[in-house]
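Q: Pasted the sequence and its predicted model underneath.
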Amino acid sequence: VHLFTALGAMKLGMDILLKEEGVKLDKILGHGGLFKTKGVGQIIMAGALNVPVTVMETAGEGGAWGIALLASYMMNKQDGEILDEYLNEKIFGDEAGETISPNPKDVDGFAQFMERYTKGLAIERAAVDNLK
């Protein structure tokens, strides 16, 4: 439950990007504490987002490392070079990674969880409103 809940808000945001904004994903590269234990976070993330999740040797580096990569891209990219090309060619090109594809049962299970999760948001809103 804790791992699912940790991904709940992200899933809501990703659904906006994917379903409403038309963003397409081929895969997610997993970094941070969720991926320190091999396979666990990766399986759950793949089920939550219904997209393959690749974890590399540097997976435990986390958010500060990720934002540093974005800063590096903004400072060092070539004219017309997109983020995907920069990461694949200059950052991750030689890194070995392991990819886990979503299991349909996990995708369905996370969808059921999200139905309950979104209904529970009204409970949280009511609690906050009554604290005022």
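A: Cool, got the structure. Residues are numbered from 1 along each chain as shown.
Q: Please make it C-alpha for all contacts and neighbour counts, starting now.
A: Noted.
Q: pLDDT value on G47, please?
A: With respect to pLDDT, G47 scores 96.
Q: Tell me the secondary structure of A46, please.
A: Under DSSP: H, G, I helix; E, B strand; the rest coil, A46 falls in the helix class.
Q: residue contacts, the residue nearest to it when sequence neighbours are not counted?
A: Excluding its sequence neighbours, the residue lying closest to A46 (CA to CA, 6 or more residues apart in numbering) is P102, at 4.6 Å. Contact analysis of P102 by CA atoms under 8 Å, 6 or more residues apart in numbering lists I43, A46, G47, N50, V51, P52.
Q: Give me the residues contacting stretch 34-52.
A: 3-4, 7, 11, 14, 25-28, 30, 53-55, 59-60, 99-104, 106-108, 110-111.
Q: elements contacting the longest helix seen in the chain?
A: Ordering each helix of the chain by length in residues (DSSP state H) puts helix 104-131 first. Taking 3 or more CA pairs under 8 Å, 6 or more residues apart in numbering; DSSP states H and E as contact, the helices and strands that helix 104-131 lies on are helix 2-15, helix 40-49.
Q: and which of the contacts of P102 is nearest to R125?
A: Distance to R125, by CA to CA, is smallest for G47 among these, at 27.2 Å.
Q: so for stretch 51-62, what's the average pLDDT?
A: Stretch 51-62 comes out at a mean pLDDT of 80.
Q: Can you list the buried residues in it?
A: Of all the residues in stretch 51-62, those buried under the rule 16 or more other CA atoms under 10 Å are V51, P52, V53, T54, V55, M56, T58, A59, G60, G62.
Q: shouldn't the third one be in contact with D26?
A: Yep, that's V53 we're talking about. No. In this structure, V53 is not within contact of D26 by CA atoms under 8 Å, at 9.2 Å.
Q: Overlap in contacts, those two.
A: Counting by CA under 8 Å, 6+ apart, V53 and D26 have no common neighbour.
Q: Show me what stretch 1-15 is in contact with.
A: The contact list for stretch 1-15 (CA under 8 Å, 6+ apart) reads G41, I44, M45, A48, L49, F110, F113, M114, Y117.
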